[in-house]
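Participant: Take this sequence and fold it.
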Amino acid sequence: MEQPKEPATAADGRGDDLTASVEAQPSSQQAATPRAHLAWSAGTGIAVGAIVAGALQHAYSPQAAGYLLNSNLLQSVAWVGCGGLVVAPVVAAVAKSARLLAAMLLAAVIGGPALTALLAATVNGDAAGGPDRFAAWTFVVAAVYALAGALTSPRTGRITIASAVVVLLLTTTLVTVLERGSQQRWRTWDVANYDVTLALPDIPGYAPSGMRYGVQGLHIDMSGPGGIVSVELLDSKASKIRFCGLQTPCWNRPGDRWSDARLVTRRLGGRLIQIAPAEGATIEISIDVPIHPVAAKTVAQLPTLPPPDND
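Facilitator: Residues are numbered from 1 along each chain as shown. Next up, the predicted model:
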């Protein structure tokens, strides 16, 4: 008959083995190692940072607004604060970590106003910008969340916290340098990616004097001895539906140039260009007026025209 086994005790050494085995089993709390905690924090920061960067570019995007819609401080707080407060409980629930929730809330509540101050101090233009601006703001928000993760992580060393601070300072410096030195380059990028044919009529004595973003393209004024000539560079969508004074869109009519009263419309590069003297101008525009390409940088450097009276 088989003898019953004695329970393991510390005396025979088997109790220590069983205790070690139990302690080795992962739990929701033990799984929150410093490295995992930092990874979750930084990863959440990247997600929230992408929301912030996208919202920033959308606020200054001419295509999105139709005209310049300047950002304000309350929007900035909402981007980081609400973004973090919405994402944080979800991330913490997935990771099963109350400590991670604390990190997310710290980043959202403290980081929101801090990033708002950074935005107010650095943004000094009206450009939406390109991929570099999106990446810079994504990483600076991620650095805020990573620092919050380091401050709330279990058994985090001073070196880890110091490294997170250095990364935050570096990304903040990067954002500052970009915002201060890239507005004109970003404005050129906006113009170049506006889905219009960049070309202007060649009228003796006339030169471009101002530009304005519109919901259907770019509006450029040209000044000369006969008054103001208004030029509309239409995007692809507007080009398909714009009329030339008749009951059918220009796009559906044969040819590449049309004239109605004082309005001249030309088709070039798969887009329409409409040219007309402004009110009070004495110049007449020929239907065969030469059209020449213009650089995006040239257009971007023009003064911004005020919104039209009917806006």
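Participant: Enumerate every residue touching Q301.
Facilitator: Q184 (C-beta atoms under 8 Å, 6 or more residues apart in numbering). In short, each C-beta sits where N, CA and C put it, glycine included.
Participant: how near is it to A117?
Facilitator: 30 Å (C-beta to C-beta, to the nearest Å).
Participant: Over to L233?
Facilitator: 38 Å.
Participant: Repeat that for G181.
Facilitator: Counting by C-beta to C-beta - G181 and A117 are separated by 20 Å.
Participant: between these two, which one's more packed in?
Facilitator: A117 (12 against 9; other C-beta atoms under 10 Å).
Participant: what helix or strand does the more buried one sit in?
Facilitator: In this assignment (DSSP states H and E), A117 forms part of helix 98-122.
Participant: and that helix, which residues are buried?
Facilitator: For helix 98-122, burial by neighbour count (16 or more other C-beta atoms under 10 Å) applies to 99-108, 110-112, 115-116, 118-119.
Participant: Flag the shaky bits of the stretch 51-200 of the chain, pLDDT-wise.
Facilitator: 62-89, 91-93, 95, 124-125 (pLDDT under 70).
Participant: quick one, what contacts P306?
Facilitator: R212.
Participant: For H219, see how far away it is.
Facilitator: 11 Å.
Participant: what is in contact with the two at once?
Facilitator: R212.
Participant: before we move on, back to that, centre of the chain to the helix holding A117, how far?
Facilitator: 19 Å (C-alpha atoms, centre = their mean, to the nearest Å).
Participant: on contacts alone, who are the packing partners of it?
Facilitator: Other elements packing on helix 98-122 under the criterion 3 or more C-beta pairs under 8 Å, 6 or more residues apart in numbering; DSSP states H and E are helix 34-60, helix 73-77, helix 83-95, helix 131-152, helix 158-181.
Participant: quick one: which of those helices is nearest Y206?
Facilitator: Closest approach to Y206 among those is made by helix 34-60 (30.2 Å; C-beta to C-beta).
Participant: Report the buried residues of the closest one.
Facilitator: 37-38, 40-45, 47-53, 55-57, 59-60.
Participant: Compute the inter-axis angle for that helix and helix 131-152.
Facilitator: 140 degrees (axes from the mean of the first three to the mean of the last three C-alpha atoms, to 10 degrees).
Participant: Can I take it that E284 is in a helix?
Facilitator: No - when classified by DSSP: H, G, I helix; E, B strand; the rest coil, E284 is found to be coil rather than part of a helix.
Participant: OK, contacts around it?
Facilitator: 262, 277.
Participant: again, only this time at 10 Å
Facilitator: Shown in contact with E284 (C-beta atoms under 10 Å, 6 or more residues apart in numbering): 226, 262, 264, 277.
Participant: Strands - which of those residues land there?
Facilitator: Mapping these onto strands (DSSP state E) picks out 264, 277.
Participant: what's the most distant pair in the contacts of E284?
Facilitator: Top of the distance list for the contacts of E284 (C-beta to C-beta): G226 and V264, 14.5 Å.
Participant: more neighbours, those two?
Facilitator: V264 (24 against 15).
Participant: What residues are bridge-paired with that one?
Facilitator: Partner residues in beta bridges with V264, using DSSP bridges, are S259, I275.
Participant: Next one: it, what pLDDT does it get?
Facilitator: If you check V264, the pLDDT there is 92.
Participant: I'd like the distance between it and P307.
Facilitator: Distance, V264 to P307, using C-beta to C-beta: 24 Å.
Participant: And R187, by the same measure?
Facilitator: Relative to P307, and taking C-beta to C-beta, R187 is found at 18 Å.
Participant: Looking at those two, which one has more neighbours?
Facilitator: R187 (25 against 13).
Participant: how about that one, secondary structure?
Facilitator: R187 is classified as helix under three-state DSSP.
Participant: ok, it touching D126?
Facilitator: Yes - under the criterion of C-beta atoms under 10 Å, R187 makes contact with D126 at 7.3 Å.
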